[in-house]
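1. one predicted model, sequence on top.
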Amino acid sequence: MTSSHPLSTTTSLASIESRVQAASLDQHRGYAQNHYAEVHQDHEPEYFDKTMASGYQFLREPQWNKGLAFTPDQRINKNLTGLIPHTIESYQTQCARAMKMIQSRPTPIDKYLYLSSLKAENIDLFYRVVMDNIRELMPLVYTPTIGDVCLQYSSLYTRPEALYISIKQRRSIRTMLRNWPCKKPEICVVTDGSRILGLGDLGINGVGISIGKLALYTAAAGIDPSKTLPIVLDCGTDNETNLQDPLYLGLRQRRVPVDVQQEFMDEFMDAVKDVFPEMVVQFEDFETEKAFKYLDRYRNTHRCFNDDVQGTGAVVLGGYIGAVENSGVPLEEQRLVFMGAGSAGVGVAKQLMEYYTRRGLTTQEARDKFWLVDTKGLVTHDRGDRLAEHKKYFARTDNRERQFRTLEEVIEYVKPSALVGLTATFGCFTEPTIRALKWSVDAGGAGRRPILFPLSNPLTKAECTFEQAMEWTDGQAIFASGSPFSPITKNTGGESGPVTYLPNQGNNVYVFPGLGLGAILAKATRVTDEMVYTAADALSKSLTADELHAGLIYPRIERVREASLVVAREVMKAARRDGVSDLPEEQWVEWEEWGDVALVSFIKSQVYDPVSFADAKGRL
Ligand SMILES: NC(=O)C1=CN([C@@H]2O[C@H](COP(=O)(O)OP(=O)(O)OC[C@H]3O[C@@H](n4cnc5c(N)ncnc54)[C@H](OP(=O)(O)O)[C@@H]3O)[C@@H](O)[C@H]2O)C=CC1
Ligand SMILES: CC(=O)C(=O)O
Ligand SMILES: [Mg+2]
């Protein structure tokens with residue numbers, strides 16, 4: 001931590017606030033926000049020196065603290081004797097204590113808060129616990145719980161965990177970036193909070209998603225946590241609840257106009273390039289128009305990608321490839337209906353289209369496989385409204401004789417083999433729609449199975465539940481959801497006994513960590529379409545025989561780190577093929593001589609793995 005970390009400004013704001021009554025809180029906040037706009041530090045932040053630190057100072061630094069795993073020598077050398085209980089504990093024992101505490105907490109938010117404190121105290125232990133219990137804990141540090149955390153972020157706030165940059169501080173962006181304790185962050189997740197999961201505009205509270213995604217960069221791909229940088233750009237909010245909440249931490253104003261935010265964004269991206277030229281930037285949960293606009297604007301000038309458009313596109317393609325194999329409906333006969341034509345819907349449709357064209361279809365033939373539905377019905381050129389730019393590519397002409405206003409009408413007309421939901425609308429895959437999907441697949445021949453992907457997050461926004469999907473398709477649907485559902489065991493009454501159905505989690509967590517890691521390690525100057533497509537392809541090939549046998553289309557979540565490694569390896573190679581890798585050519589030639597073995601061992605040598613007890617015996 002630095003002596004001039006943003007913590008110091010937060011503390012001074014807190015002390016101002018403690019002296020005023022709630023009634024004048026807003027006024028003081030306004031003062032503070034304008035005041036910050038003038039701040040410009042020209043000195044470098046100071047850092048504690050690990051070799052000099054000792055005693056409590058050492059214990060209070062989450063990246064140095066080992067809890068009770070310090071060896072006797074370390075305790076003596078760092079003046080820790082007496083400051084912690086005499087016992088020496090392995091990480092396993094400490095993990096067991098943490099899990100006991102998590103399990104004893106009554107609600108997911110309470111569990112999240114415990115984990116969050118652990119992260120603030122002992123980073124290695126936090127990641128060890130999360131990695132060793134990823135099936136149980138990922139839903140806490142990520143969707144669905146992170147959605148609730150974002151909704152309540154301002155109330156839950158206890159300590160800084162990100163860079164909070166408001167549009168009023170735009171003249172100080174470089175200073176703020178330099179204030180970040182890590183001098184060379186490698187990956188940043190930035191949001192403006194305008195479309196957080198399916199929860200809409202959450203303003204500055206959306207920062208929880210940047211924090212959550214970066215925790216997964218570490219847990220699921222092994223990026224050193226000290227090299228991660230969560231950022232929220234506060235451009236105001238149109239969320240009335242936030243604007244009325246006395247505890248809301250963001251600007252109390254409506255969102256600035258799109259052109260004003262564009263200037264701010266340009267300044268931000270320029271500052272990022274100046275201060276952290278090698279950092280990869282992941283755009284996250286920007287509302288539709290901005291998501292597409294910023295990706296187009298910066299993709300050829302900055303190391304960046306959009307997770308909702310590209311990461312989601314890649315993860316759905318990665319699962320779709322396996323789903324088609326399991327469905328019994330040949331690729332060329334597949335017909336896809338998408339409910340939702342936003343950043344994720346269009347991003348996914350484009351990625352799947354790319355797959356079709358690489359399989360020999362013309363662009364037109366590939367595009368004809370997709371029917372996109374939005375709040376006004378089937379997206380067509382001539383339905384009487386002004387189509388948003390991003391919808392035009394997939395707009396159809398089917399409604400010359402008839403209008404298709406509802407999903408039911410579209411399914412009846414298209415007779416799809418696959419139904420994809422990216423609407424943020426709970427329950428919009430109704431019983432009739434799911435039964436109609438199954439019916440249209442059955443009509444094609446025996447043994448065929450429908451593909452059903454209700455991908456919206458969090459669970460409260462899922463288009464249907466796993467139970468409904470199984471019930472209404474007689475257990476036939478090949479199912480993937482954005483947030484995790486539990487397996488279902490049904491007693492069929494047959495001789496073979498109960499049947500267990502396994503859901504898949506079709507979430508970009510299977511792509512962004514490996515894509516980011518690959519881009520970082522390849523020193524990619526851009527994140528190209530080829531890198532994104534390759535991530536999808538690699539993901540589809542990363543399943544074990546056991547997973548394939550179980551009918552899964554994504555690796556089990558316990559293997560997400562292995563899958564990320566495969567994705568990162570192939571993304572690195574794609575970066576080289578596209579000529580955007582800044583690694584020396586001799587390095588690539590040397591790796592090539594050894595096949596993938598050398599590249600894999602290079603990746604493994606670069607990733608963070610929280611220490612085991614044996615490692616803890618080593619030097620600090
Ligand atoms: N599983 C995963 O990995 C990911 C999941 N998502 C999820 O996808 C969802 C959408 O995200 P995103 O695309 O960025 O959001 P957008 O706001 O960009 O798009 C939402 C789309 O859904 C349409 N829509 C909303 N309600 C309905 C309805 N009742 N009937 C038909 N169409 C409807 C909207 O229509 P209109 O255009 O007319 O407003 C719009 O086209 C979110 O819940 C998000 O969490 C996103 C990224 C990754
Ligand atoms: C998963 C994700 O990125 C989203 O729901 O927006
Ligand atoms: Mg997202």
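-> Nice, thanks for sending it over. Ligands and ions are numbered 1, 2, ... in the order given.
2. count of neighbours near the closest residue to residue 606 other than its chain neighbours?
-> Leaving aside its sequence neighbours, residue 606 sits nearest to residue 521 (CB to CB, 6 or more residues apart in numbering; 6.0 Å). (Each C-beta comes from the backbone N, C-alpha and C, glycine too.) Residue 521: 22 surrounding residues under other CB atoms under 10 Å.
3. flag every residue of this protein that's near ligand 2.
-> Residues of the chain found near ligand 2 (CB under 6 Å from any ligand atom) are 197, 285, 307, 308, 457, 482, 507, 508.
4. keep those, but drop any that are not near ligand 3.
-> Residues of the residues of the chain next to ligand 2 in contact with ligand 3 (CB under 5 Å from the ion): 285, 308.
5. which among the residues of the chain next to ligand 2 count as buried?
-> The neighbour-count test (16 or more other CB atoms under 10 Å) marks 197, 285, 307, 308, 457, 482, 507, 508 as buried among these.
6. so the third one sits against residue 512, correct?
-> Yes - look at residue 307 against residue 512 with CB atoms under 8 Å: they come within range, at 5.1 Å.
7. for the residue nearest to the spatial centre of the chain, grab phi and psi.
-> Taking CA atoms, centre = their mean, the centroid of the chain lies closest to residue 213, which sits 4.3 Å from it. Per-residue torsions, residue 213: phi -60, psi -40 (degrees, to the nearest 10).
8. ok, now residue 360?
-> Note on residue 360: backbone dihedrals following degrees, to the nearest 10 are phi 110, psi -10.
9. check what pLDDT residue 18 gets.
-> Here, the pLDDT recorded for residue 18 equals 44.
10. in what helix or strand does the closest residue to ligand 2 within the chain lie?
-> Relative to ligand 2, the nearest point of the chain is residue 457 (3.7 Å; CB to the nearest ligand atom). Using DSSP states H and E, residue 457 sits in no helix or strand.
11. how many neighbours does the one residue in the stretch 301-450 of the chain that gets nearest to ligand 1 have?
-> Per CB to the nearest ligand atom, residue 342 is where the stretch 301-450 of the chain lies closest to ligand 1, at 1.8 Å. Counted with other CB under 10 Å, residues neighbouring residue 342 total 24.
12. swap in residue 60?
-> Per other CB under 10 Å, the neighbour tally for residue 60 reads 14.
13. measure it to residue 214 for me?
-> 22 Å (CB to CB, to the nearest Å).
14. and what of residue 108?
-> Separation of residue 108 from residue 214 (CB to CB) stands at 20 Å.
15. which of those two has more neighbours?
-> Here residue 108 and residue 214 are compared on neighbour count by other CB under 10 Å; more neighbours surround residue 214, at 27 against 15.
16. the more buried one touches residue 230, doesn't it?
-> Yes - using CB under 8 Å, residue 214 is in contact with residue 230, at 5.2 Å.
17. which neighbours do those two share?
-> Listed as contacting both residue 214 and residue 230 by CB atoms under 8 Å, 6 or more residues apart in numbering are residue 189.
18. read off the pLDDT value for the residue in the stretch 51-200 of the chain positioned nearest to ligand 3.
-> Residue of the stretch 51-200 of the chain nearest ligand 3, by CB to the ion: residue 197 (6.5 Å). What the model reports as pLDDT for residue 197 is 98.
19. how about the nearest residue to it, chain neighbours excluded?
-> That would be residue 457: by CB to CB, 6+ apart, it lies 4.2 Å from residue 197.
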